[in-house]
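A.B. asks: Just need the structure, nothing else, for what follows:
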Amino acid sequence: MKKRLIIYFNYHPNGQADAACRFAVQQMAAVGQVFFVNNGPLQPESRQWAQGCCHTVLERENTGFDVGAYRDAVLQTGLDMLLHYDEVVLMNYTLAGPVGDVAAMFAAMDGRPELDFWGLTRHYAMRSHRFGGAKAMVPEHIQSHFVVVRSRMMADFFAYWQAAALPASYEDSVRLHETQFTAHFAALGYRWDTFVDTKDLASLFVNPIMACPKLLLADRGCPFFKRRSFFTPYADELRRTDGRAAAELYDYLKSETDYPVDDLLRALLPVQPKHTGNLCWRGRAAAAHGPNPALALYPAANGGGVCAHFAGCQHFGKRLRPAAGCRLLPAAAACCRGGGLLLCPVYANQPAAGPGGRTV
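C.D. replies: Alright, predicted model coming up:
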């Protein structure tokens, strides 16, 4: 097996390494040494976990987004040490997985020795004033959530990070790093590709991993998906898809794989309460059971939504109104219109499921 250094960037507003992060790190530790870099201080229990399973742990100031985290990890490691590795992997917590055996991806890419660097997925060219800079154009590029650099490129890779400026905003991070990294090294003569082949989707979607995650997992061998699939605002989803991508992804993960998707949803609820579950479930009831459920879900009688019984939560319940035709609402329950489900992150002491309901 190749000797790999895996630089894993994590951020959590409460300083946690959550369940999905831990699953990813532990699986990646089977294919390389993990350098865990966290933006901000870790909670003591998360720090103890990271120190127990990772080769190196760095807690840094929460500045510079992923660019700052990658830069500090690369510079702390140093060029001499980087040259001891066959590959250096840059990946971050925005990916969830792996689903299945991640070693199969590395084995397949070992069969591409002509490449100097490679990624998991690519984003296709598009016009964007937000991310395209002065020309309002985003070039085709490897997405920064997973990039692998091979040893013959290491000196230029190290120099890149020595010169990297810290972005002041998320937009700057995308404009100045993610959309430029691929072109920068390609201009130096380095060859690249992505593991997941989505060329046939380029005319339909600029960002296939978000538009059709279930397809990439089930049919293209992709071992990861984006956490954001489960909390992208539903209006944004409808601009690029039929709105069913997240529900199809959940169903696939739950029924066809061993990935602990309910652990991911439980981790997302406290930090993404506004949009987690905004997935157009169309009558599906999520089964992310927990010991102290926050709510219960009911299929709407009209098939067009999901009813949510909020236990011990007054804030969200007052803002919602029953959907037309819903006849399963018990007292203090609320139902989201149009299939868009708003989940409450407040944990109750007792389950609140009624007839046909699922506690979450």
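
A.B. asks: low pLDDT regions in the stretch 151-300 of the chain?
C.D. replies: Along the stretch 151-300 of the chain, the model assigns pLDDT under 70 to residues 234-242, 273-300.

A.B. asks: make it 50
C.D. replies: 276-300 (pLDDT under 50).

A.B. asks: the helices in it, which residues?
C.D. replies: All helices of the stretch 151-300 of the chain, identified by DSSP state H, counting those that start in this stretch, fall at 154-163, 170-173, 179-187, 208-211, 213-219, 234-240, 245-256, 261-268.

A.B. asks: tell me which strands and helices the first one is in contact with?
C.D. replies: Contact here means 3 or more C-beta pairs under 8 Å, 6 or more residues apart in numbering; DSSP states H and E; on that basis helix 154-163 packs against helix 65-77, helix 79-82, helix 179-187. Using the backbone N, CA and C atoms, a C-beta is placed for each residue, glycine as well.

A.B. asks: again with the third one
C.D. replies: Where contact means 3+ C-beta pairs under 8 Å, 6+ apart, helix 179-187 is packed against strand 141-142, helix 154-163, strand 192-194.

A.B. asks: before we move on, what about the fourth one?
C.D. replies: The elements that helix 208-211 packs onto, with contact taken as 3+ C-beta pairs under 8 Å, 6+ apart, are helix 213-219, strand 225-226.

A.B. asks: Dump those into TSV; add mean neighbour count and distance to Arg4 as well.
C.D. replies: Listed next are the helices and strands packed on helix 208-211 as TSV, based on neighbours: other C-beta atoms under 10 Å; distance: least, C-beta to C-beta, whole Å:
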stretch	mean neighbour count	distance to Arg4
helix 213-219	20	23
strand 225-226	24	22
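
A.B. asks: Of all these, which one is nearest Gly189?
C.D. replies: Smallest distance to Gly189 across those (C-beta to C-beta): 29.7 Å, for helix 213-219.

A.B. asks: now what about the closest one, what contacts it?
C.D. replies: The contact list for helix 213-219, computed with C-beta atoms under 8 Å, 6 or more residues apart in numbering, reads 99, 121, 196, 198, 208-209, 222-223, 225-226, 229, 245, 248-249, 252-253, 256-257.

A.B. asks: I'd like to know which of those residues are buried.
C.D. replies: 99, 121, 196, 198, 208-209, 222-223, 225-226, 229, 245, 248-249, 252-253 (16 or more other C-beta atoms under 10 Å).

A.B. asks: Just flag the most distant two among those residues.
C.D. replies: Most distant of the buried ones among the contacts of helix 213-219, by C-beta to C-beta, are Thr198 and Leu253, 19.7 Å apart.

A.B. asks: Nearest to Gln143 among the helices and strands packed on helix 208-211 would be which one?
C.D. replies: strand 225-226 (9.3 Å).

A.B. asks: in stretch 9-16, what counts as buried?
C.D. replies: Result for stretch 9-16 [16+ other C-beta under 10 Å]: buried residues 9-12, 15-16.

A.B. asks: mind putting these in JSON lines, pLDDT, distance to Tyr85 and secondary structure included?
C.D. replies: As requested, the buried residues of stretch 9-16 are arranged in JSON lines below (pLDDT from 0 to 100; distance: C-beta to C-beta, whole Å; DSSP: H, G, I helix; E, B strand; the rest coil):
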{"residue": "Phe9", "pLDDT": "98", "distance to Tyr85": "17", "secondary structure": "strand"}
{"residue": "Asn10", "pLDDT": "98", "distance to Tyr85": "21", "secondary structure": "strand"}
{"residue": "Tyr11", "pLDDT": "98", "distance to Tyr85": "24", "secondary structure": "coil"}
{"residue": "His12", "pLDDT": "97", "distance to Tyr85": "27", "secondary structure": "coil"}
{"residue": "Gly15", "pLDDT": "97", "distance to Tyr85": "29", "secondary structure": "coil"}
{"residue": "Gln16", "pLDDT": "97", "distance to Tyr85": "29", "secondary structure": "coil"}
